[in-house]
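1. One predicted model, sequence on top.
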There are 2 protein chains.
Amino acid sequence: MENLDKIDLQILKHLQENSNINTKELASKLFLTVTPVYERIKRLERDGYIMKYVALLDKKKLNLGMTVFCNVRLKEHARNVGSNFVKDIVALPEIIECYNIAGDYDFMLKILVEDMSSYQDFVMNKLSTIENIGYTQSIFVMGEIKYSTELSF
Amino acid sequence: MENLDKIDLQILKHLQENSNINTKELASKLFLTVTPVYERIKRLERDGYIMKYVALLDKKKLNLGMTVFCNVRLKEHARNVGSNFVKDIVALPEIIECYNIAGDYDFMLKILVEDMSSYQDFVMNKLSTIENIGYTQSIFVMGEIKYSTELSF
DNA sequence: TTTTTTACAGTAATTTGTATGGAATAGGTG
DNA sequence: CACCTATTCCATACAAATTACTGTAAAAAA
């Protein structure tokens, strides 16, 4: 698993900060030529360390300024019941993240919507239609202090 | 704010799914030539719709397989007290996300660590040293059902 | 209608990505 | 030590992409 040297980790750090850096510039930062950096990146992609390259967009500018965390408790905890729930959750695009958690609730959802009335609509017409949901608790986000996709290693 | 047409939105959708698609291929998907697509992307970057391009890495492969949400309640709620707390939070790389929330707690943190003992070390030696923390509650993630950075519009 | 602006296509210049062969280095084995 | 092997790197060259430029047609404004 950890067959990565310091150069690999440096490459990953740079790419998760800005993936549009070109190989030439990245090579000069690492005091190398283009070829080794190019080959290392391809290897890191092949081996699955790099999963994908994406553009991060501005939520507010795209009218998705409201973030809500929603804790969900299921009615029954049978095996197939949970998998059905999961299938329904994944299909809803408003749900950006979903975790199976320990504690008072079974799942925690991160939901992005435009405003409160959109959230109401989401809960009433989408979330509530999912079978086997016993209880939900909404936690509204007043401010985003920090959001990062960068892993620290 | 919403001076984006359907073509712009299509471009954003593609780029937030895979930012390594080249302009030529993206253009053919949209039945356009390279120039308009290129210019639209540059405009979307300039205007801040696209914030950054990043590589998403595999948490588990990089020994950060444990996710914990930590709810934090402050002792005092004075103005500068909160801003000091925020400054300390942002400096900790284990904290990937931080939200100011409504409800029983003041802040909610998303924390990425290697394992339980790393989390213990984080709480004992880093989180606890931050002033003015009154109470914390850790919610451990047993499984990641869905994680996406894509906005749905 | 005329002017101006905007969006698009085509082409050319520049830069970058990608593939290949060979040199340097490191680790292991007789 | 000498030798082998694998790995990592550099240098070069070509393919492909990005970027810039010019012109034109459609749309908007005057």
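-> Ah, there it is.

2. before we move on, which element is residue A:68 in?
-> Assigned by DSSP states H and E, residue A:68 belongs to strand A:66-74.

3. which helices and strands does that strand pack with?
-> Under the contact criterion of 3 or more Cβ pairs under 8 Å, 6 or more residues apart in numbering or on different chains; DSSP states H and E, strand A:66-74 touches helix A:79-91, strand A:107-113, helix A:116-122, strand A:133-147, strand B:95-101. For the C-beta atoms, the positions are set from N, CA and C on the backbone; glycine is no exception.

4. Name every strand pairing with the second one and say which way it goes.
-> Yep, that's strand A:107-113 we're talking about. Strand A:107-113 sits in its sheet next to strand A:66-74 (antiparallel), strand A:95-101 (antiparallel), going by DSSP bridges.

5. now swap in the longest one and tell me
-> Sheet pairing for strand A:133-147, assigned by DSSP bridges, gives strand A:66-74 (antiparallel), strand B:95-101 (antiparallel).

6. So for that strand, what gets flagged as buried?
-> Buried residues in strand A:133-147, defined by neighbour count with 16 or more other Cβ atoms under 10 Å in any protein chain shown: A:133, A:139, A:141, A:145.

7. which one of those is nearest residue A:5?
-> Closest approach between these and residue A:5, by Cβ to Cβ: residue A:145, at 34.3 Å.

8. picking that back up, make TSV out of the strands paired with strand A:107-113 and add distance to DNA strand D.
-> Shown next, in TSV, are the strands paired with strand A:107-113 (distance: least, Cβ to the nearest atom of the strand, whole Å):
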stretch	distance to DNA strand D
strand A:66-74	32
strand A:95-101	27
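
9. Make JSON lines out of those strands and add mean neighbour count and distance to residue A:19.
-> Listed next are these as JSON lines, based on neighbours: other Cβ atoms under 10 Å in any protein chain shown; distance: least, Cβ to Cβ, whole Å:
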{"stretch": "strand A:66-74", "mean neighbour count": "19", "distance to residue A:19": "24"}
{"stretch": "strand A:95-101", "mean neighbour count": "21", "distance to residue A:19": "20"}
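
10. circling back: between the buried residues of strand A:133-147, which is nearest DNA strand D?
-> Nearest to DNA strand D among the buried residues of strand A:133-147, counting by Cβ to the nearest atom of the strand, is residue A:145 at 32.5 Å.

11. how close does the closest one get to residue A:73?
-> 28 Å (Cβ to Cβ, to the nearest Å).

12. can you check residue A:147 too?
-> 27 Å.

13. cool, and residue A:94?
-> Taking Cβ to Cβ as the measure, residue A:94 and residue A:73 are separated by 20 Å.

14. for residue A:131, same thing?
-> 14 Å.

15. So for chain A, the centremost residue is which one?
-> The structure's chain A has its C-alpha centroid closest to residue A:97; by Cα atoms, centre = their mean the separation is 5.8 Å.

16. from what I can see that residue touches residue A:90, true?
-> No. Counting by Cβ atoms under 8 Å, residue A:90 is not a contact partner of residue A:97; they are 11.0 Å apart.

17. what is in contact with those two at once?
-> Shared contacts of residue A:97 and residue A:90 (Cβ atoms under 8 Å, 6 or more residues apart in numbering or on different chains): residue B:146.

18. check contacts around the residue nearest to residue A:116 when sequence neighbours are not counted.
-> The shortest distance from residue A:116 to any non-neighbouring residue, by Cβ to Cβ, 6 or more residues apart in numbering or on different chains, is to residue A:66 (6.8 Å). Listed by Cβ under 8 Å, 6+ apart, the contact set of residue A:66 reads A:112-116, A:118-119, A:140-141.
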